[in-house]
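Asker: Here is a sequence together with a model predicted from it:
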Number of protein chains: 4
Amino acid sequence: MNVFGNHFKVSIFGESHGPWVGITIDGCPAGIPMAADTLLPLLQRRRAGAAGTTPRAEADEPVFASGLFNGHTTGAPLTVLFANSNTRSADYDALKNMPRPGHADFVLAQKFSGFNDYRGGGHSSGRLTVALVAAGAIAMQVLKGVTITATVTEAGGSADVATAVAKAVQEQDSIGGIVTCRVLGVPAGLGDPFFHSLESTIAHLVFSIPAIKGIEFGEGFHAARMTGSTHNDAIVGADGTTATNHAGGINGGISNGNEIYFRVAVKPTSSTPQMQHTLNVATGQVEEFAVKGRHDLCIALRVPPVVEAVTAIALADHWLMSGYDLR
Amino acid sequence: MNVFGNHFKVSIFGESHGPWVGITIDGCPAGIPMAADTLLPLLQRRRAGAAGTTPRAEADEPVFASGLFNGHTTGAPLTVLFANSNTRSADYDALKNMPRPGHADFVLAQKFSGFNDYRGGGHSSGRLTVALVAAGAIAMQVLKGVTITATVTEAGGSADVATAVAKAVQEQDSIGGIVTCRVLGVPAGLGDPFFHSLESTIAHLVFSIPAIKGIEFGEGFHAARMTGSTHNDAIVGADGTTATNHAGGINGGISNGNEIYFRVAVKPTSSTPQMQHTLNVATGQVEEFAVKGRHDLCIALRVPPVVEAVTAIALADHWLMSGYDLR
Amino acid sequence: MNVFGNHFKVSIFGESHGPWVGITIDGCPAGIPMAADTLLPLLQRRRAGAAGTTPRAEADEPVFASGLFNGHTTGAPLTVLFANSNTRSADYDALKNMPRPGHADFVLAQKFSGFNDYRGGGHSSGRLTVALVAAGAIAMQVLKGVTITATVTEAGGSADVATAVAKAVQEQDSIGGIVTCRVLGVPAGLGDPFFHSLESTIAHLVFSIPAIKGIEFGEGFHAARMTGSTHNDAIVGADGTTATNHAGGINGGISNGNEIYFRVAVKPTSSTPQMQHTLNVATGQVEEFAVKGRHDLCIALRVPPVVEAVTAIALADHWLMSGYDLR
Amino acid sequence: MNVFGNHFKVSIFGESHGPWVGITIDGCPAGIPMAADTLLPLLQRRRAGAAGTTPRAEADEPVFASGLFNGHTTGAPLTVLFANSNTRSADYDALKNMPRPGHADFVLAQKFSGFNDYRGGGHSSGRLTVALVAAGAIAMQVLKGVTITATVTEAGGSADVATAVAKAVQEQDSIGGIVTCRVLGVPAGLGDPFFHSLESTIAHLVFSIPAIKGIEFGEGFHAARMTGSTHNDAIVGADGTTATNHAGGINGGISNGNEIYFRVAVKPTSSTPQMQHTLNVATGQVEEFAVKGRHDLCIALRVPPVVEAVTAIALADHWLMSGYDLR
C-alpha cells in the first residue's frame, strides 16, 4: 500500500537505483499557481552537503509529468518525477547475501520472496524522501495561512547540535536526534477522533519517514507524569485560545486553533562506518562487515524538511475533507 | 472518516448517550469460530470497577447483528452492537455552554457548527472504546499464533502503580501513565515502508484511543541518544533473530520476526475533580467550574485492553493484505 | 468489500434471516434535518403489497442507532437499523443441498467454504435493499435541488406493465422489466473521467441491486447505431444547455447540467413458481424442485425506489467530493 | 479520484498534450516475470493505423520507471510511462472558446474553473487509454489461466464491420459500435454483492473508457423480456457448470465458474468531420464549426484491447482480494 489520503491522495514510487522516483497527487484543487520553482526551496533544504550528511548528490530537479498547465494546477493528477543519475549500484552487490543490521534488507527479502530490488534499499530507500518533499511542497500550496517549521532540537543527546555532529564525524559512528515541528495557522476543527485524529494521520505519515521511532504531541510522554489540574489548558478566548498549550493544539484528535507542535525521535542511521556483525545468508555464518555506500552520520539533520512535508500532506488531506464544515 | 483498514475494514459508530454504540467489520474471513463469549474476556478487562476508575457500569453485552451463523463468521460483515443504558445525560446539560478544558467539547462544536451531540462527549467519548475492544477481540481470532500483551508500567510518574493511584484518589486529581505493549508471534514481512509501515498503522490506531499523546517503538526516544553501533541489532539467525532488539521488532516499517514492543503515553484525564477554568460561551466570561459526571482518575488503567485491541486490528489488516506474500 | 464511497461512505450489513439489517453512513454533513419520518416515504414505496410482489411484510421501521441529535445529523456516523421479525427460515432448510438456479446459493458456498448463512440468500438477499433505500433517503437530503425519479417503463417486454404482471400471475412465471431513471437539478461538473465517471459510480451501485443485468445512459445501446452528426448534442446555452440530450446529461463522465437519464435491465427473479432443475450437491444428481418461500413475480416493480436510492448515494458522494470545485 | 482498486490499485495520470502519460500499480505481487515486451502485444493492438482510425502515431514505448528488477516485479509500485511526442497543440488553440459537442470541453471548464488543460481533451483524452492498456497487460500476468477476448461485433448497426467502416469513411461521419467481451478461466467466487459485485467493478472501469454508454451482462437487456423459467441456468455440475449461461457467468454479483460475457455500447465519436454547432463562449453566439485534429471515424475499432485491459484490472483486484477465500 503505497497510497495515502482520502481527498489529497498521494501515491509514491521508485527505488534508490531505479531510473525514476516520483509521486502522483490525486485530488489537488485546480487553479493553484505551481511550477518546478515552487518545490525548489524545500527540495534544496533536503539536499545533501552539510557535515554529517551523505556525499551522494542528485540534481533533484522536479519534472512535472502531468497536471500542470499555464503555471497552474489543472485539477488532474499531478505527477512529479526525479531522475536517478548518481547511482553506484556496485557498492551494494557485495552485500546481497549480507542483510545490513537495522536496514530493511532482511525483511524485504522475506516479504517479497527475494524479488525486491536490494540495491541501496530499493523502494525502502531514503532517496524516496525527495518524492515526499515534493508532495509536501505541493500540499503547502493548498494550506492557506499555515506555516510549518521543523528543526533539529537535539543530536546525540545534546542540544548543541553542531558539536554533537562534529563528535560523530570524529568518532565515525552515526548518532540520532530529535526533530521538533511547530504549525501555526491551522483553524479549529481538523481531524476525526475515530479513526483519523490529527495525531493519527500525522503520526501515520511521520512513521513513513525512514529512521523515525517515536512521536509525541504537546507534552507527550511528559504528560504521563502530570496531573489533570496542571495539564488541562483553560479555554480563555472565543476562538479557542487556551491559557497554556500542553495539548499541542489538539483536543480529542481535532485541532483547537492553537499552535500544533510535536517531537519526533530519529534513530542513528544504521549505516554507521563502524564494523558490524550480521548473518551471511549464503554461508549461514555470522560475519563481520563494514557498510559501504555513501551515507549520513546524523540523518536527523535531513529530517526537518521531510517532517514538514508529511505534516503538510496530512493537513492538506484533512483540510480538503473538512471543506463542507470549515468554510 | 470513521472507517479504518484496507482488507480488515472497521467502521465505528455511536455516542456516549445515544441508544447504541457498535462496530462493523468488513473483510473478516469466513469460518472463524465466534460467539459473544469470544469477546467477553477482553470486554471484561476493559470494564470499570477498580480503584481510580469510573463507577458508570454498563452491561457491555455484545449483540451480533450480522455476520455470524452456526457459531462461525460467514464472510459477510460482522456488526456488533452495545446498548447504552446507564446514561445520566442531565449531568452534561449544565455544561452545554462551558466547553471542558482538555475535552473535545469546543472543537466538536466548531467542527460541526454546534450540531454535535455534546452529552458525555458524544461520538468522541471513551464509551466507544467498548466497540474498539470488540473489534480487536475479533481481530485476534484472525491472527493465528500471535499474543498481544499490554500493561500499565508507570502511573503518575511511578512504577508503583497501585500507590500512585491511591495517592491520586486521596488528592482527588487525575494522573497520567505509560502503557507498554508486547507482541509475540508476528512473522517477518508485515508492513509497507510507504505509507503503511507497521509503526504507521499501529500509531494511527493508538492515537484513536482517547487521551493518548505519544508512542515510541523499541528504544524510541532513547534511540535518539544512541549511536548506530550500539543501536543496530545484529542478525544472528536465518529466521531473522537478532542478538538485541533495540528496533522493537520492526525494520524499515516491516516486522522482522522478533518481539514487537512499543510504549504509549497516556495523559491525565481532563475530567479531574479539581476546580478548573473555562470560557462560558454564553456570557463570554472565563468562569470557574467543576466537572460533574462519572470519570476515571487514572484512565491509563483502562487503556491496556484497548491498546491490545487496536494493535490486533492493525495487525489483522496487514496480515490479510499480505496474504499472497506470506503464506 | 461492503463499503462504498469516498466522502459519503456507506457500509452495509445484515442477512435475510439474521436479527438486524442496517447501514452506516460516514461523512454525512452535520446539521441536516433528519428523523425516521425522513426515510418513510421511500421505504414505503419499497415495501411489498402490490400484485406480483412478495407477501413477506416487515414493519421496516428505521431505528437510528447513532448520528442523530435534536432532529439533525451531528456529523458523526449515522447508523440505521431494521429488525428482521417476519422470517420463516424453515422454508430454506430443505434447500441447503439444492443451490437454486439464478441465485447466489452455489457461489456463496464456494466463496465462503460453506460458512455463509444460506437462509433466504443470507447477506445476498433482496432484504438488504431496505438498507440501501435508507441510505439513499439520507443521501437525498444532501442533494439540494435534485430530484430523482425512477419508474418501471416495461415489464415482460411490454409497456403495459399492469397487463404484463397480471399475465405473469396467471401463468405463474416470473418476468423481467426495464426501469428508467431521470435526474433533474444536478449541476455541471460532477464526475471524474478516470476512474470515477458519473456513469461508473452510478453503474457500480446499480449493479449492487439484486437482479440487475444491464445499464445504459442516454441513447445507450441505440447510440451504437447512430452517427456522430446525429448523436452529438449541440451546446446552445452558457449554462451548458444542449439542443438535444442523446448523451443523457453526461459528457466525458461528467455531468453537463442537463437531465441525467439512464435505463436499467431487471431480469426475471430466479424464484419462479415453475418447476426447475438443479444439482443436489449431497446426491450428485440433477433433480427437479420447486422454490418455496415468498417471492416476487415481477421484482422490477420494487426496483424504482432502490434505483433512486443508489443514484442518490452516488451523487451525494460526488457532490461532497466536488465541494471545493462546485460551490 | 484517479485511483481504482483495493488490492491491485491503479493510479492514472497524464494529458493528451503533456509530456508523459502513465500509470502506477500498487499491490502487484512480487516475482511476476515482466518486461516492456510483456505489454507490447496489447499496446500494439490498441495502436492506430486501420481504416477509420486516427493517423496520430505515437511510438507507445513503455518506460518502466519503477517496480521492476532482473525481469520480475519486485512488489514495489510499478510505474509505466509513455512519452507524448506527436502532439499538434495548435489544432486545439482555435477551439478554446468553442466547447466541442459530445466532448468534455465544457464540463471540464466548469469543473476546474477554466484551469483544465483543454488541448486535445487534456486528461480526458483517449490518449490515456494507452496507460489503461499497460495496466491491463500487467493485470493479465496476475490472472493465471484466465483468457479475455473482446471483439467488435457490430459497427454502424451492422455485423459486417468492414463494410460499415468503409461506408463511414465514404460518408465522412463517425459511427458507433458494439464490443463483446468473453472471459474464460475465472474460478467461482470472485465478487461481492454489496457493493463490489463483479458487474459493479467491471462496469465501473468500462465506463472509464471514453465513448462507452452502455453495458449488459449475459442476456442483459434481453433478460428483461424473458421469464424466470427460461432465463434460469440449471446447475448441472459439481463445479457449478450450468446447462445454459443466460447469466453471463455471474450470479448475485459473484462469478460462478462459467464463461463471463458482456456487451458494451460505443457511441460514435463526437469528432465527426461533419459541420456542427456549438456555443462560442466568447461571443455568446451559437456558431457552426468543424472539428480539426486527428480522430477516429469508428472509435469502436480501438476499444477491444481497452475493454480487455480494464476487465483484467477488475478481475486482478478481485483475485487478490479473494486470496484467503479462493486458494
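Answerer: Cool, got the structure. Numbering: from 1, shown residues only, chains lettered A, B, ... in the order given.
Asker: Return the nearest residue of the stretch 151-300 of chain A with respect to chain C.
Answerer: residue A:194 (8.5 Å; CB to the nearest CB). Where C-beta positions appear, they are placed from N, C-alpha and C, glycine not excepted.
Asker: what's the pLDDT at that residue?
Answerer: Looking at residue A:194, its pLDDT reads 90.
Asker: secondary structure class for the nearest residue to residue A:3 once chain neighbours are set aside?
Answerer: Spatial nearest neighbour of residue A:3, excluding adjacent residues (CB to CB, 6 or more residues apart in numbering or on different chains): residue A:11 at 4.8 Å. Here residue A:11 is recorded as strand under DSSP: H, G, I helix; E, B strand; the rest coil.
Asker: how many neighbours does residue A:11 have?
Answerer: By the measure other CB atoms under 10 Å in any protein chain shown, the count of residues near residue A:11 is 30.
Asker: in the sheet, who's paired with it?
Answerer: residue A:3, residue A:24 (DSSP bridges).
Asker: My read is that the residue of the stretch 151-300 of chain A closest to chain C contacts residue B:123, right?
Answerer: Yes: look at residue A:194 against residue B:123 with CB atoms under 8 Å: they come within range, at 7.4 Å.
Asker: where in chain A is pLDDT low?
Answerer: Across chain A, the ranges flagged by pLDDT under 70 are A:48-57, A:86-95, A:292-294, A:323-327.
Asker: biggest helix in it, by residue count?
Answerer: helix A:303-321 (DSSP state H).
Asker: which helices and strands does that helix pack with?
Answerer: helix A:36-46, helix A:129-142, strand A:147-155, strand A:177-184, helix A:198-206, strand A:260-266 (3 or more CB pairs under 8 Å, 6 or more residues apart in numbering or on different chains; DSSP states H and E).
Asker: How about the contacts made by residue A:107?
Answerer: Applying CB atoms under 8 Å, 6 or more residues apart in numbering or on different chains to residue A:107 gives the contacts B:188, B:189, B:191, B:240, B:251, B:252, B:254, B:255, B:256.
Asker: Let me see the residues that make contact with stretch A:195-204.
Answerer: With CB under 8 Å, 6+ apart, stretch A:195-204 has contacts from A:4, A:190-191, A:215, A:217, A:250, A:252-255, A:260, A:262, A:310-311, A:314, A:317-318, B:1-4, B:10, B:12, B:195, B:200-201, B:203-205, B:207-208, B:212-213, B:215.
Asker: any idea which element residue A:193 lies in?
Answerer: Counting by DSSP states H and E, there is no helix or strand that carries residue A:193.
Asker: pretty sure it contacts residue B:210?
Answerer: Yes: Residue A:193 is within contact range of residue B:210, at 7.3 Å (criterion: CB under 8 Å).
Asker: OK, contacts around the nearest residue to residue A:104 once chain neighbours are set aside?
Answerer: Closest residue to residue A:104 apart from its sequence neighbours, by CB to CB, 6+ apart: residue B:252 at 2.7 Å. Contact analysis of residue B:252 by CB under 8 Å, 6+ apart lists A:103, A:104, A:107, A:108, A:121, A:124, A:210, B:193, B:197.
Asker: Does the fourth one belong to a helix, a strand or coil?
Answerer: Spelled out, that is residue A:108. Residue A:108 is classified as helix under three-state DSSP.
Asker: show me what contacts it?
Answerer: By CB under 8 Å, 6+ apart, the neighbours of residue A:108 are A:116, A:118, A:122, A:124, B:252, B:254.
Asker: Distance-wise, check the residue nearest to residue A:104 relative to residue A:21.
Answerer: 16 Å (CB to CB, to the nearest Å).
Asker: Residue A:230 now?
Answerer: Residue A:230 is 47 Å from residue A:21, by CB to CB.
Asker: How about residue A:182?
Answerer: Distance, residue A:182 to residue A:21, using CB to CB: 29 Å.
Asker: between these two, who's got more neighbours?
Answerer: For residue A:182 versus residue A:21, the count of surrounding residues by other CB under 10 Å is larger for residue A:21: 28 against 17.
Asker: Correct me if wrong, but that one is in a strand.
Answerer: Yes: under three-state DSSP, residue A:21 sits within a strand.
Asker: what about residue A:195, neighbour count?
Answerer: 23.
Asker: With residue A:146 instead?
Answerer: 19.
Asker: Surely it and residue A:183 touch.
Answerer: Yes: with contact defined as CB under 8 Å, residue A:146 counts as touching residue A:183 (6.6 Å).
Asker: Spit out the residues that contact those two alike.
Answerer: residue A:315.
Asker: Please tell me I have it right and residue A:161 contacts residue A:154.
Answerer: Yes: at 7.3 Å, residue A:161 counts as touching residue A:154 under the criterion of CB under 8 Å.
Asker: Now for those two: what residues contact both?
Answerer: With CB under 8 Å, 6+ apart as the test, residue A:161 and residue A:154 both reach residue A:177.
Asker: what about stretch A:68-84, how long is it end to end?
Answerer: 22 Å (CA to CA, to the nearest Å).
Asker: wait, I meant stretch A:188-202
Answerer: 16 Å.
Asker: tell me which parts of the stretch 51-200 of chain A are close to chain B?
Answerer: A:99, A:101-104, A:106-108, A:110-113, A:121, A:123-124, A:128, A:154, A:156-157, A:168, A:171, A:173-178, A:188-189, A:191-197, A:199-200 (CB under 8 Å from any CB of the partner chain).
Asker: Now list the buried members of those residues.
Answerer: A:99, A:101-104, A:106-108, A:110-112, A:121, A:123-124, A:128, A:154, A:156, A:168, A:171, A:173-178, A:188-189, A:191-197, A:199-200 (16 or more other CB atoms under 10 Å in any protein chain shown).
Asker: what does the stretch 51-200 of chain A put close to chain D?
Answerer: Residues of the stretch 51-200 of chain A lying near chain D (CB under 8 Å from any CB): A:63-70, A:72-79, A:81, A:111-113, A:115-117, A:122-123.
Asker: Distance to residue A:41 added to the contacts of residue B:252, as a markdown table?
Answerer: Putting the contacts of residue B:252 into a markdown table (distance: CB to CB, whole Å) gives the following:
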| residue | distance to residue A:41 |
| --- | --- |
| A:103 | 30 |
| A:104 | 30 |
| A:107 | 35 |
| A:108 | 33 |
| A:121 | 27 |
| A:124 | 27 |
| A:210 | 22 |
| B:193 | 26 |
| B:197 | 27 |
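Asker: tell me which of those is nearest to residue A:47?
Answerer: Checking the contacts of residue B:252 against residue A:47 with CB to CB, the nearest one is residue A:210 at 16.3 Å.
Asker: measure the closest one to residue C:168 for me?
Answerer: Residue A:210 is 66 Å from residue C:168, by CB to CB.
Asker: and which of the contacts of residue B:252 is nearest to residue A:267?
Answerer: Among the contacts of residue B:252, and counting by CB to CB, the member closest to residue A:267 is residue A:210, at 9.4 Å.
Asker: That concludes my questions; thank you for your assistance.
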